[in-house]
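Enquirer: the sequence and its predicted three-dimensional model are supplied below.
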Protein chains: 2
Amino acid sequence: MGKEGKSKDGKGGKGNFQLKTPKGTRDWQGEDVVLREQIFSTITDVFKRHGGVTIDTPVFELRDTLTGKYGEDSKLIYDLADQGGEICSLRYDLTVPFARFLAQNSTQNIKRYHIAKVYRRDQPAMTKGRMREFYQCDFDIAGAYDPMLPDAEILRVIKEVFEGLPGWKGKFTIKINHRKILDGIFQICGVPEDKIRTISSAVDKLDKSPWDEVRREMVDEKGLDPAIADKIWEYVQLKGGREIVTQLQEKPEVIANESAKQGLEDMALLCDYLHIFDVLPQLSIDMSLARGLDYYTGVIYEVVTEGSAPKVTSADAAKKDKKPKKSTDPDEDRSNDPTLGVGSVAAGGRYDELVGMFSGKPIPCVGISFGVDRIFSITKARNTEQVVRKTEVDVFVMAFGGGKDFTGLLPERMETAKTLWDAGIKAEYTWKAKPKWQKEFLVSEKGGIPWAVILGDDELKQGKVKLKELSLKEGHPEKSGVLVDKANLVQELKTRLAGKRTLPDRTVA
Amino acid sequence: MGKEGKSKDGKGGKGNFQLKTPKGTRDWQGEDVVLREQIFSTITDVFKRHGGVTIDTPVFELRDTLTGKYGEDSKLIYDLADQGGEICSLRYDLTVPFARFLAQNSTQNIKRYHIAKVYRRDQPAMTKGRMREFYQCDFDIAGAYDPMLPDAEILRVIKEVFEGLPGWKGKFTIKINHRKILDGIFQICGVPEDKIRTISSAVDKLDKSPWDEVRREMVDEKGLDPAIADKIWEYVQLKGGREIVTQLQEKPEVIANESAKQGLEDMALLCDYLHIFDVLPQLSIDMSLARGLDYYTGVIYEVVTEGSAPKVTSADAAKKDKKPKKSTDPDEDRSNDPTLGVGSVAAGGRYDELVGMFSGKPIPCVGISFGVDRIFSITKARNTEQVVRKTEVDVFVMAFGGGKDFTGLLPERMETAKTLWDAGIKAEYTWKAKPKWQKEFLVSEKGGIPWAVILGDDELKQGKVKLKELSLKEGHPEKSGVLVDKANLVQELKTRLAGKRTLPDRTVA
């Protein structure tokens, strides 16, 4: 990390020109990009295992498409300048473009995945993976099916993704709730209908703020009767396995509420299905989970892990008189703010009305969005010892020789590289007419390249080349390499590379 | 194609809201996205075979980073709105962000590839792959090496990419020229120093306009002496193999020009290398190739194919009095304009000064950019008979039965799907409690799913399930399927899938 921001002197070579990426964005390179590609690959494999097909939508949408979908967060949308023609904004997530796609096309059902960048003008915290440009990996199921079956499949997808990532097995929890249960509880407690969404937003803060702070927001800022707030507290503390559903179903006042009753029936059925799919051990039914976005209508869930919650809450910090002063610069990075955790690493839910907002014809949908940059930050921290090769090159073609008669064997090296490329083998040679062999060994070592093909005048006259495995230790019988017929080089290499499993099969086809 | 634009009635369900993607952009879905992924995969394999590593830069840059890099085309840059904070623009290509990256970091040499979308507010022609949001696939080599060796490797990469694409072998030409030769020729002809770039731009139009039109532009619009223009015409007609280099080297006035002499030496050496790499058959040395961008300093090249040039030139159209009237709406699609071809499908060159524009410390670079959306349009047209599977699902889990006692076997189907997913096998089942088996067969057939696992009450009691290969013809002995032990299902399927090569090895690990 830390590649964001300025070059060493904060300036480029020219005047007061800033040589940097925009705030909240970064370049991805080297081992970071290799690890991130591995994460994409794990996630994509799971999506395809469940029949997902991909749809790619433009990075910007007509501004009207995004308007009215994100509530208070709309202020974080990046707008394009008005340069004549249509008025557009960068996408804020992948869900609204997907809903626009469904409304625009005649598609009635689809399992689609989409891996792409989204844009939010939020205050960044780079080292925690909170950025203004970041990747989302979304999997959504659209279509009318029997109750809770697509929902169960999404939760199974979540489990497979996190169990497939290095260092995550047993280290994630899927928090789940249901909008209908939550809305029912608010009704039972006596929250006025027009305050339900705003009180719901307050409840959602319980993962990072203590109850007395959330209560103060409800009562002082949002004008809720303190007795109602206290009644809410009795419910939102409930957290646990499927027994939570049973407990709530046993309360007469809960089951008398139609919304809560329906939500609890959904949850009970979902738990039956998740038992078959072996997802229950990772599930935490949590009445304090509310999710900010307006468009959810059924189950909602968030995946949390160690580091999701902040180290200290803002109330703790206030008590210790260390409350971080609110920065006046919204561009300032908050990586060192202890009241800020990584947040959830995946989140989603059911949204049955969103498509209808566009077309007037609702299509029921349920989905999950994986926050890959946060997942990356945590995976990197958990796998510090893993060695990642920066390139996939398998063979370095070099010449051995020296002195004033040494030609450098450039045409021979080029011809050998060509032969390897023709066979689909990943190979490099040095772009120098007369390279020093010592330096060539250094370059191949630095790149972690496993094999060298070494050309020499004498060997070439006999139609031979030397094959050397660069990682062999002193004393190994093949340490100094083996001579093979030049005509058999490709076959000799393919056999060795296949044995070492350093070359994926598809490239040696 | 044709998914861009409006829904059927030009409106969504709500008021005058437009349900569409912005002009010049489109959604990618279905077979199109599968074919495009195959193209990406072919290109990426070649990049990795040559040691490429990827770098991912933000979709927008500080506006200052892009300023002064694109000459006349700067007007096509998309700006972000000023919402406070930094002033940014969407990237116009991947080259300038790469140069900014090199200048900002201490990287002195790298082979980097980058596959990402770029943005140009140009007049679109969707069916010809000319869009406002489109993918580029770039491969660039930065660093100081012996002359023409990185250049030769880039040209070899071009050859491998196009020979790897279905329907392209023998159907592409790499047009090549050298800025130093071209600048030398302009000096020899007597073009004033301050007119060289603008005359160069005019010459570049010779692939779509006849000479008399280009000459008129030089003389009437750009004030060039007609005698000089006619002298230029003698040179820019030269086109052919490496004999062009020899012909020019034999002209005393050419070899007396230092710029032309150097350029020709480069080209001669490059031809030696390309002979070894077997790229000469695809090469056309073409003195009329000039390339628009200012930052090239050495070799320049463009890949063309059938369809690159327009069917009729604008002069032809004018003669026939059918000159398309210049549209007053820059958003209007030009797909049906016969004076517009697909254009080049890849282009690039050497740019040794661009990094120095940022840092004051030049790093020599050479690269190639593949225009994937244009390549897609042509590949699709050339492979109309290829059947592309929309999903990668290999197994459909279904229940056989009916009548009022039929339970639908939902838990059993779910449990079987779970077992397959656990083994990494791509599987689906129907999200209905009691699906009709006839419909299940239809669904799996429509999806091109090759195998079915069929559950039945009687078979399950014996611990058996039926495996059925869906593509078998009537009369085949296994047409009605084979019974296998449920406990062996995964192994039975893996063996069959491996034999059929329908499942990539990596997912059955």
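Expert: Noted; the coordinates are in hand. Residues are numbered from 1 along each chain as shown, chains lettered A, B, ... in the order given.

Enquirer: give me the residue from the stretch 401-509 of chain A nearest chain B.
Expert: Scanning the stretch 401-509 of chain A for proximity to chain B using C-beta to the nearest C-beta identifies A:Trp431 as nearest, at 3.6 Å. In this view, the C-beta of every residue, glycine as well, is placed from N, C-alpha and C.

Enquirer: touching, that residue and B:Asp146? I think so.
Expert: Yes - counting by C-beta atoms under 8 Å, A:Trp431 does reach B:Asp146; the two are 5.8 Å apart.

Enquirer: out of the two, which sits in the more crowded spot?
Expert: A side-by-side neighbour count of A:Trp431 and B:Asp146, using other C-beta atoms under 10 Å in any protein chain shown, places A:Trp431 first with 22 against 15.

Enquirer: may I have the phi/psi pair for that one?
Expert: Here is the backbone geometry of A:Trp431 (degrees, to the nearest 10): phi -80, psi 60.

Enquirer: just for chain A, where's the confidence low?
Expert: Applying pLDDT under 70 to chain A flags residues A:1-16, A:127-129, A:310-342, A:386-388, A:500-509.

Enquirer: give the buried residues for the helix or strand containing A:Leu460.
Expert: Using DSSP states H and E, A:Leu460 maps to helix A:457-461. Of the residues in helix A:457-461, those with enough neighbours to count as buried (16 or more other C-beta atoms under 10 Å in any protein chain shown) are A:Glu459.

Enquirer: try stretch A:371-383
Expert: Across stretch A:371-383, burial judged by 16+ other C-beta under 10 Å covers A:371-380, A:382.

Enquirer: swap in stretch A:275-292?
Expert: Within stretch A:275-292, the residues that count as buried by 16+ other C-beta under 10 Å are A:275-277, A:279-280, A:282-291.

Enquirer: can you tell me the element A:Gly367 falls in?
Expert: A:Gly367 belongs to strand A:365-371 when elements are defined using DSSP H and E.

Enquirer: name the helices or strands packed onto that strand?
Expert: helix A:95-104, strand A:133-142, helix A:149-164, strand A:346-350 (3 or more C-beta pairs under 8 Å, 6 or more residues apart in numbering or on different chains; DSSP states H and E).

Enquirer: before we move on, back to that, so who does the residue of the stretch 401-509 of chain A closest to chain B touch?
Expert: B:145-146, B:149-150, B:153 (C-beta atoms under 8 Å, 6 or more residues apart in numbering or on different chains).

Enquirer: repeat for A:Pro226
Expert: Residues near A:Pro226 by C-beta under 8 Å, 6+ apart: A:215, A:219.

Enquirer: at 6 Å instead, please
Expert: Going by C-beta atoms under 6 Å, 6 or more residues apart in numbering or on different chains, A:Pro226 touches A:Val219.

Enquirer: quick check, nearest of the buried residues of stretch A:275-292 to B:Leu420?
Expert: Proximity of the buried residues of stretch A:275-292 to B:Leu420 (C-beta to C-beta) peaks at A:Phe277, which lies at 12.0 Å.

Enquirer: of the helices and strands packed on strand A:365-371, which is nearest B:Arg197?
Expert: Here strand A:133-142 is closest among the helices and strands packed on strand A:365-371 (C-beta to C-beta), at 34.7 Å.
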